[in-house]
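Asks: what's the 3D shape of this:
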Amino acid sequence: MSGFSTEWLALREPVDHRSRDSALQERLRDVLSQRAGAGARPLRILDLGCGAGSNLRALAPVLPGEQHWTLVDYDPALLRASRQTIAGWASRVLEDGERLTIDKGGRRIVIDFLQRDLARDFEPLLASAPDLVTAAALFDLVSSQWIVQFCDRVQSVFYTVLTYNGAERWTPPHAADADVLRAFHAHQTTDKGFGVAAGPGATQLLRDRLAARGFTVELAPSPWILGPQDRPLMQALCTGSAGAVSETGMVPQAELSGWLETHRQATRCEIGHWDLLAVPSGMPVG
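Replies: As a prediction, the model looks like this:
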């Protein structure tokens, strides 16, 4: 899976970071703190579909102690962007071949960058037994079959954020909102490289499958709440949505053009997401 530009990822990063549920993030920190301590090895963290490294920049300052991240993406250009943005974010950087070792906020963080096609080659990554498997804005894009396979194989603490849940509300509204949203969902559940995408149903499937395996699963809403200060993101969002809807042919072009014109002037927009934390059976959760 590829196709996300660094410009789009940079535009959404500040909103992604403020939208994460802070209480669930603290729960994750508490769970992982129980194995971190004096003399403990660094936390081993696997970040799937890392993009430009936003998930690390949001999460690393929250997690305890020294950390060893493996960032995985299919797109080598995004891996290069991740390396560059993380190096610029760090207080101190040491390069050792493809590996970075950085200091940030008093933490030592080792980072490896790995190009992999997750649609076909994720199981060996899980078999490495990381302490945490994490992802951001990924699971609504993968197939239901892939999610089932992932849930059946993951053994680690699992934390994923910003999975789209299908809820959208624009201010001011437009008469075509429901039709456009229905068409957008139809487009979202097309093949994004993993088979037919799970779309808004992804979090429900993750929760049910992991709970059936004995994981303790917690959900928290993490909606984007966009206002006038987020106008560039709102405009990019409605333009991208209109392009996707146009491909479906489900909404007349004149109606879609009117919808786009209205929402390019939106004063507020809410896009629904879920955050999810799953802790394996037998592991203390607090």
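
Asks: elements contacting the host helix or strand of residue 162?
Replies: Assigned by DSSP states H and E, residue 162 falls within strand 157-171. Counting by 3 or more CB pairs under 8 Å, 6 or more residues apart in numbering; DSSP states H and E, the packing neighbours recorded for strand 157-171 are helix 6-19, helix 22-33, strand 132-136, helix 177-188, helix 202-212, strand 268-279. Where you see a C-beta, it was placed from the backbone N, CA and C, and this is true even at glycine.

Asks: out of those, nearest to residue 75?
Replies: When these are compared by CB to CB, helix 6-19 sits nearest residue 75, at 9.8 Å.

Asks: which residues sit against the closest one?
Replies: With CB atoms under 8 Å, 6 or more residues apart in numbering as the test, helix 6-19 has contacts from 51-52, 54, 57-58, 77-78, 81, 136-137, 161-162, 222-226, 230, 232-233, 236, 273.

Asks: got the CA coordinates for it in CSV?
Replies: The C-alpha trace of helix 6-19 is given here as CSV (Å, rounded to 0.1, in the frame of the first residue of the first chain):
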residue,chain,number,x,y,z
THR,A,6,4.4,13.6,2.5
GLU,A,7,2.4,16.9,2.2
TRP,A,8,-0.9,15.2,3.2
LEU,A,9,0.8,13.5,6.1
ALA,A,10,2.4,16.7,7.3
LEU,A,11,-0.9,18.5,7.0
ARG,A,12,-2.8,16.0,9.2
GLU,A,13,-0.1,15.4,11.8
PRO,A,14,-0.9,18.2,14.3
VAL,A,15,-4.6,17.2,14.2
ASP,A,16,-3.7,13.5,14.6
HIS,A,17,-1.6,14.3,17.6
ARG,A,18,-4.2,16.4,19.4
SER,A,19,-7.0,14.0,18.6
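
Asks: quick one: that helix to strand 132-136, angle?
Replies: 110 degrees (axes from the mean of the first three to the mean of the last three CA atoms, to 10 degrees).

Asks: which ones are touching the residue most central in space within the chain?
Replies: Residue closest to the average C-alpha location in the chain (CA atoms, centre = their mean): residue 136, at 1.3 Å. Counting by CB under 8 Å, 6+ apart, residue 136 touches 16, 49, 51, 54, 55, 58, 160, 161, 162.

Asks: Likewise for residue 91?
Replies: Contacts of residue 91 (CB under 8 Å, 6+ apart): 102, 103, 104, 105.

Asks: please redo it, this time with the cut-off set to 6 Å
Replies: Residue 91 is in contact with 103, 104, counting by CB atoms under 6 Å, 6 or more residues apart in numbering.
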